[in-house]
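1. dropping a prediction and its sequence here:
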Amino acid sequence: MTRPGLTSDPAEAEGLQGELAPRVELNDRLDPVRRVAGADIAYEIGGDRLWAAVCVLDATTLSVIEVARFEGVATFPYVPGLLSFRELPALLACFEALRRPADLVVCDGNGILHPRRLGVASHLGLLLDVPAIGCAKNQLLGTAGSLGLARGDHAPIEEAGEHVGDALRTQPGVKPLYVSPGHRVSFATARAWVLKLAPTYRQPEVIREADQEVRRMRAAATGA
DNA sequence: GCGACAG
DNA sequence: ATCTTGTCGC
């Protein structure tokens, strides 16, 4: 009943992450990027329904090319460190509905900036064998060096003596984003793409589009 | 033991 | 994640 690389049993999740994490690739292995996808999910307030969307943008114009949607129910609880088990079933359904695959995926969450180096972006990238980047709004763990206030300034985030991601300022004087490689992407490439995808706002356009889409879906299904 | 903890 | 839009302030 469960896809390979996933489990609906929280007790098995950590062990699975331990098996998958060694397969994550931190070197650049991507084709020319034309289609960049952003994925996000919105949850029902007093229930377990959820709405997921993947928005594919033209990497050059940042205009929306395709959108895939999925409406379902949350079957896994939110546990820090196990987010991918809660969100991947819905996100994978969206990616399978795309007419053409994305060349690069940006997830709302972390890549290897994770206790077992397998955040949602790494887990997704591995299961779909697609280049992926983790882009979180809050720092899950580690210690970040100080960074300047200019757009593009960044500082490494380390944990247990390892470089696991970077704090990246996408807009002057605004709180940084926490970027980390998901799969098949290096630290520098991950930062470069997030910066390129966020020319105007703090968050990359692909994530903003996906976020707006899932909110519209929830509003339409709920009301208000 | 205590606190922290992506979305 | 979610309650919530415009508004006050640097």
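-> Sure, I can see it.
2. and chain A, which of its residues are near DNA strand B?
-> With CB under 7 Å from any atom of the strand as the criterion, chain A comes near DNA strand B at residues A:40-41, A:43, A:78, A:80-84, A:108-110, A:114, A:119-120, A:134, A:136-140. In this view, the C-beta of every residue, glycine as well, is placed from N, C-alpha and C.
3. among those, which ones are buried?
-> A:40-41, A:81-84, A:108-110, A:114, A:119-120, A:134, A:136, A:139-140 (16 or more other CB atoms under 10 Å).
4. how much space between the nearest residue to A:Ile41 once chain neighbours are set aside and A:Glu213?
-> Of all residues not flanking A:Ile41 in the chain, A:Ala52 sits nearest, at 4.6 Å (CB to CB, 6 or more residues apart in numbering). Taking CB to CB, to the nearest Å as the measure, A:Ala52 and A:Glu213 are separated by 9 Å.
5. more neighbours: which of these two?
-> A:Ala52 (26 against 22; other CB atoms under 10 Å).
6. look at the more buried one and give its secondary structure.
-> strand (DSSP: H, G, I helix; E, B strand; the rest coil).
7. next one: phi and psi at the nearest residue to A:Thr189 once chain neighbours are set aside?
-> Once flanking residues are discounted, A:Thr189 sits nearest to A:Asp28: 5.2 Å by CB to CB, 6+ apart. When read as degrees, to the nearest 10, the backbone of A:Asp28 gives phi -70, psi 120.
8. and A:Asp28, what's its pLDDT?
-> Note for A:Asp28: predicted pLDDT of 98.
9. quick check: residues of chain A near DNA strand C?
-> Going by CB under 7 Å from any atom of the strand, the residues of chain A near DNA strand C are A:42-43, A:45, A:108, A:137, A:215, A:218.
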